[in-house]
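*Asks:* Return a 3D structure for these sequence lines:
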Amino acid sequence: MSPIRLDIVTAERLVYSEDVDLVVAPGVEGELGILPQHTPLMTTLEAGEMMVRRGVEEFSLAISGGFLEIRPNRIIVLADSAERDDEIDLARAEEAQRRARQRIESPSADIDAARAEAALRRSLVRLKVAQKRRRRRGENPQV
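*Replies:* Sure thing, here's the model as predicted:
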């Protein structure tokens, strides 16, 4: 089966643009597996892990929402934010998680609870993706 072009774009940059064999995306109604020749579709994405397979290479991205469009020969992801697993700074993601939990546990009048919960979800996705990469590479995921 011939590959399908995957373009992942944020407002800041082109994150990824290659031909791929499989994409698993975090759709709002669950994970969405996409192979070449998939039926055209447009859907929204929620914060989650996006897995991409190209030949024997497999990697993940942390996506924090956006839109996904499937065309006959192309997948276009317009993401609020997207980071490849090798771009995620584990210490920074852990600090973001700590701050978000602190905001949720100690609410004040000037803290937007919905934004704090969204920040926590994003940080948890980033941590999951970074730790998964470390496990695949045989590194200690807790370091």
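*Asks:* List of residues touching the lengthiest helix in the chain?
*Replies:* The longest helix of the chain (DSSP state H) is helix 113-136. For helix 113-136, contacts defined as C-beta atoms under 8 Å, 6 or more residues apart in numbering pick out 47-49, 58-64, 81, 83, 85-86, 88, 90, 93-94, 96-97, 99-101, 103-104, 107, 140-143. For the C-beta atoms, the positions are set from N, CA and C on the backbone; glycine is no exception.
*Asks:* cool, and stretch 19-32?
*Replies:* So stretch 19-32 is contacted by 1, 3-6, 33-36, 43-55, 63, 68, 75, 77 (C-beta under 8 Å, 6+ apart).
*Asks:* Just the ones in strands from those, please.
*Replies:* Among the contacts of stretch 19-32, DSSP state E puts 4-6, 33-34, 43-54, 63, 68, 75, 77 in strands.
*Asks:* For ChimeraX, write the select line for the buried members of those.
*Replies:* Remark: buried members of the ones in strands among the contacts of stretch 19-32, expressed as a ChimeraX selection using 16 or more other C-beta atoms under 10 Å:
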select :4,6,34,45,46,47,48,49,50,51,52,54,63,68,75,77
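*Asks:* okay, and for the chain, where does confidence drop off?
*Replies:* Across the chain, the ranges flagged by pLDDT under 70 are 107, 109-111, 136-143.
*Asks:* swap the cut-off to 80 and go again
*Replies:* Residue ranges of the chain with pLDDT under 80: 1, 104, 106-116, 133-143.
*Asks:* sorry, back to before: just the ones of the contacts of helix 113-136 in helices?
*Replies:* Per DSSP H, the subset of the contacts of helix 113-136 in helices is 90, 93-94, 96-97, 99-101, 103-104.
*Asks:* Could you identify the buried members of the residues you listed?
*Replies:* For these, buried by 16+ other C-beta under 10 Å: 90, 93, 96-97, 100, 103.
*Asks:* any chance of these in TSV, with distance to L120 too?
*Replies:* Conversion of these to TSV gives the following (distance: C-beta to C-beta, whole Å):
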residue	distance to L120
L90	16
A93	11
A96	9
Q97	7
A100	4
R103	8
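*Asks:* Go ahead and confirm S17 touches D7.
*Replies:* Yes: taking C-beta atoms under 8 Å as the definition, S17 is a contact partner of D7 at 4.8 Å.
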